[in-house]
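S.K.: whatever this is, show me its structure:
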Amino acid sequence: MVVQTRVDRSIEAVVHDLEVSLSRVTELRKEIGMLDAGRHGDARVMRLNELIGDLQARVEGIEAFVQSCQRREHREEQPPAEIEFWM
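M.R.: Numbering: from 1, shown residues only. I've put the predicted structure just below:
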């Protein structure tokens with residue numbers, strides 16, 4: 001298999017996983033929003049929201065990195081083998 005094809009497939013797989021992950025974050029936010037916090041649950045719900053926000057930021061950062069690799073790979077700024085190694 002040509003290195004370029006392997007790189008493209010690796011990037012596509014990572015992008016797909018990131019899209020699924022961000023979708024799950026959205027689902028979690030909705031579920032947390034529907035929780036009945038009750039007596040001491042407000043603090044727990046706030047903590048869950050903080051954790052979800054942190055997770056979302058990290059996944060978005062990884063997504064930006066992958067998109068950067070994809071742009072470099074197609075502009076041939078980095079050798080495809082090096083990008084494949086990163087992925």
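S.K.: helices or strands up against whichever strand or helix holds Q67?
M.R.: Using DSSP states H and E, Q67 maps to helix 41-75. Using 3 or more C-beta pairs under 8 Å, 6 or more residues apart in numbering; DSSP states H and E, the elements in contact with helix 41-75 are helix 3-33, helix 80-86. For every residue, glycine as well, the C-beta is placed using N, CA and C.
S.K.: where does the prediction get shaky in this protein?
M.R.: For the chain, the stretches with pLDDT under 70 are 1, 3, 37-41, 73-74, 76-87.
S.K.: what about the most centrally placed residue in the chain, distance to R24?
M.R.: The centroid of the chain falls nearest to V59 when counting by C-alpha atoms, centre = their mean (3.0 Å). Counting by C-beta to C-beta, to the nearest Å, the gap from V59 to R24 is 9 Å.
S.K.: what do you get for M34?
M.R.: In terms of C-beta to C-beta, M34 sits 16 Å off from R24.
S.K.: neighbour-wise, which of the two wins?
M.R.: Per other C-beta atoms under 10 Å, whichever of M34 and R24 has more neighbours is R24, with 14 against 7.
S.K.: related to what we said a few turns ago, any chance of the helices and strands packed on helix 41-75 in CSV, plus distance to Q67?
M.R.: CSV is the format used below for the helices and strands packed on helix 41-75 (distance: least, C-beta to C-beta, whole Å):
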stretch, distance to Q67
helix 3-33, 8
helix 80-86, 12
